[in-house]
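In: I need the structure of the sequence given here:
(one chain, ligands or ions: 1)
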Amino acid sequence: MQTIVAVHGPNLNMLGRRQPEIYGHTTLAEIDRALEARASAAGFRLVSFQSNHEGALVDFLQGEGWGAAGVIINPGALTHYGLALRDALAALSAPIVEVHLSNVYRREPFRHTSVVAPVATGQIAGLGWRGYLLALEWLIGELQGS
Ligand code: DQA
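Out: The predicted model follows:
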């Protein structure tokens, strides 16, 4: 069975409680559950991981992420400066979808730059928690060749 990993960066463990007017009321556990349900219905294993530490995210990508068939990642603020995370992603050959709950391009200028985007296959921003499921849907289609 192929594995898809969902990787969540700093502060995303606070979803549901953190600035809900920007990030919504859905918790990370709810997002992970929805991803797991859809992935398993499509015949994939979904492994999710959250950390507030860049090194832990790199360790996960070098371990579980290494053999993954697809990657969904919301790097949180590391999006804008996390070069070690970017390098870890660049080393993978699987397709990578970068997801942001908020539309980072409508927010502060520092959020307009993603150091991850150049090594990602594509990006979804501004569609809230459903962006993760759209990313998964794209990966499933891509991996099933449909
Ligand atoms: C975010 C946007 C980032 O700028 C921010 O630092 C986050 C969340 C988003 O999902 O909209 O932590 O990645």
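In: count the residues that sit near Pro118.
Out: Look at Pro118: counted by other C-beta atoms under 10 Å, it has 9 neighbours. For every residue, glycine as well, the C-beta is placed using N, CA and C.
In: what about the closest residue to it other than its chain neighbours, helix or strand, and which?
Out: Leaving aside its chain neighbours, Pro118 sits nearest to Arg86 (7.8 Å; criterion: C-beta to C-beta, 6 or more residues apart in numbering). Arg86 belongs to helix 83-90 when assigned by DSSP states H and E.
In: how much space between Ala68 and the ligand?
Out: For Ala68, the distance to the ligand equals 20 Å [C-beta to the nearest ligand atom, to the nearest Å].
In: for that residue, which residues are in contact?
Out: Ala68 makes contact with 3-5, 47, 92, 94, according to C-beta atoms under 8 Å, 6 or more residues apart in numbering.
In: give me the phi and psi for it.
Out: phi -70, psi 150 (degrees, to the nearest 10).
In: what's the pLDDT at it?
Out: We have a pLDDT of 98 for Ala68.
In: go on, Gly145?
Out: Gly145 is given a pLDDT of 89.
In: how about the nearest residue to Tyr23, chain neighbours excluded?
Out: In space, Tyr23 is closest to Leu101, 4.9 Å off (C-beta to C-beta, 6+ apart).
In: got phi/psi on that neighbour?
Out: The phi/psi pair for Leu101 (degrees, to the nearest 10) is phi -60, psi -40.
In: what's around it, how many residues?
Out: Using other C-beta under 10 Å, Leu101 is surrounded by 23 other residues.
In: repeat for Arg38
Out: So Arg38, with other C-beta under 10 Å, has 17 neighbours.
In: which residue sits closest to it, ignoring its sequence neighbours?
Out: Arg38's closest residue in space is Leu136 (C-beta to C-beta, 6+ apart), at 5.6 Å.
In: SS state for the one you found?
Out: Here Leu136 is helix, with the state taken from DSSP: H, G, I helix; E, B strand; the rest coil.
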